[in-house]
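**Q** Requesting a structural model of the entry that follows:
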Amino acid sequence: MNDDLVFEVFIHVSKNKFAISAMKHDTSEKIYEYELLIENNLNEFDFEKLSEFLDNNILKLEKNLNQFIKKITLILETKDFLNVQLSVKNNNNGKILTLEDLSYSLNEAKDQCEKTLENKKIIHMLINNFKINNNDYSKLPRDLICNNYSLDINFICLSINLVSKLENCLEKYQISINKIVSGQYVKSYFNNKDDFFKNTKKITEGCNPNEVEFYVKTSKNKGFFEKFFNFFS
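**A** Numbering: from 1, shown residues only. Next comes the predicted model:
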């Protein structure tokens, strides 16, 4: 059995706190959790203290799980996140608005964002509003005949340099980053209610119907447009 299907490990990194949590994949039952409050007068993460935190907890967690940790979800709270607002407009010529139509529009927006922002990595892609036939929708309506539409999109981006530093920090333990999540986004979406790590797990599982997940097309046998969105699932 793939270890990644048995448990999930989350590491939360902020300027003033480091935390780690492991949960069973199917039930979200907590297996291990530890947090450390730190004093930090720097404007960025203290990587030396982060390494000490990982030294003290990775081995403990692996002994607890009786397995090596290969991948983690990294939750960041940092002022380095950059929010970019972008709108795309298209004609649909009176046809039913399809997944394929939206896929091309969103892929175009993603490419435009990446070309405009150098040295930034897109962490989240969120659709804030659907305007169809000049009517606003918070969620995508089904089977709607559409003459024209526009999408208001929010890209949450992060410095590639910071991502590389964090990857290098984890490489020492032969751990790779499966996904990066904005802690501010998680707290905002759930209004700071309930368990932070469990809420993060819900985000990674696609609980927000307006968050777009994009994947690299690796095979002609894989349906790109099915993989592109989680708000159609």
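**Q** can you give me the helices for the protein?
**A** Along the chain, counting by DSSP state H, helices occupy 47-65, 99-116, 160-171, 183-189, 196-204, 224-228.
**Q** could I get these as JSON lines with distance to residue 138, mean neighbour count and mean pLDDT?
**A** For the C-beta atoms, the positions are set from N, CA and C on the backbone; glycine is no exception. Below are the helices of the chain laid out as JSON lines (distance: least, Cβ to Cβ, whole Å; neighbours: other Cβ atoms under 10 Å; pLDDT from 0 to 100):
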{"stretch": "helix 47-65", "distance to residue 138": "38", "mean neighbour count": "15", "mean pLDDT": "93"}
{"stretch": "helix 99-116", "distance to residue 138": "15", "mean neighbour count": "15", "mean pLDDT": "87"}
{"stretch": "helix 160-171", "distance to residue 138": "31", "mean neighbour count": "15", "mean pLDDT": "95"}
{"stretch": "helix 183-189", "distance to residue 138": "14", "mean neighbour count": "17", "mean pLDDT": "97"}
{"stretch": "helix 196-204", "distance to residue 138": "18", "mean neighbour count": "19", "mean pLDDT": "96"}
{"stretch": "helix 224-228", "distance to residue 138": "20", "mean neighbour count": "16", "mean pLDDT": "43"}
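**Q** could you dump stretch 16-35 to PDB, C-alpha only?
**A** Presented in PDB, the C-alpha positions along stretch 16-35 are these (Å, rounded to 0.1, in the frame of the first residue of the first chain):
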ATOM      1  CA  ASN A  16       6.300  33.100  15.200                       C
ATOM      2  CA  LYS A  17       5.300  29.500  15.200                       C
ATOM      3  CA  PHE A  18       6.200  26.100  13.800                       C
ATOM      4  CA  ALA A  19       3.900  23.100  14.000                       C
ATOM      5  CA  ILE A  20       3.600  19.600  12.700                       C
ATOM      6  CA  SER A  21       0.700  17.300  12.500                       C
ATOM      7  CA  ALA A  22       0.100  13.800  11.100                       C
ATOM      8  CA  MET A  23      -3.400  12.500  10.300                       C
ATOM      9  CA  LYS A  24      -4.900   9.300   9.000                       C
ATOM     10  CA  HIS A  25      -5.900   9.900   5.400                       C
ATOM     11  CA  ASP A  26      -9.300   8.400   5.600                       C
ATOM     12  CA  THR A  27     -10.600   9.600   9.000                       C
ATOM     13  CA  SER A  28      -8.500  12.700   9.700                       C
ATOM     14  CA  GLU A  29      -7.700  11.200  13.100                       C
ATOM     15  CA  LYS A  30      -4.700  12.900  14.600                       C
ATOM     16  CA  ILE A  31      -1.600  10.600  15.000                       C
ATOM     17  CA  TYR A  32       0.900  13.200  16.100                       C
ATOM     18  CA  GLU A  33       0.900  16.900  16.700                       C
ATOM     19  CA  TYR A  34       3.400  19.400  18.200                       C
ATOM     20  CA  GLU A  35       3.900  23.100  18.000                       C
END
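**Q** Could you give me the buried positions within that stretch?
**A** 18-23, 32 (16 or more other Cβ atoms under 10 Å).
**Q** How about residue 137: what's its closest non-neighbour residue?
**A** Once flanking residues are discounted, residue 137 sits nearest to residue 130: 4.3 Å by Cβ to Cβ, 6 or more residues apart in numbering.
**Q** now do residue 210
**A** Nearest non-adjacent residue to residue 210, counting by Cβ to Cβ, 6+ apart: residue 127, 4.4 Å away.
**Q** Excluding chain neighbours, what is closest to the most centrally placed residue in the chain?
**A** Geometric centre of the chain, nearest residue: residue 181, 4.1 Å, by Cα atoms, centre = their mean. Closest residue in space to residue 181, ignoring its immediate chain neighbours: residue 75 at 4.8 Å, by Cβ to Cβ, 6+ apart.
**Q** Having no further points to raise, I will conclude here.
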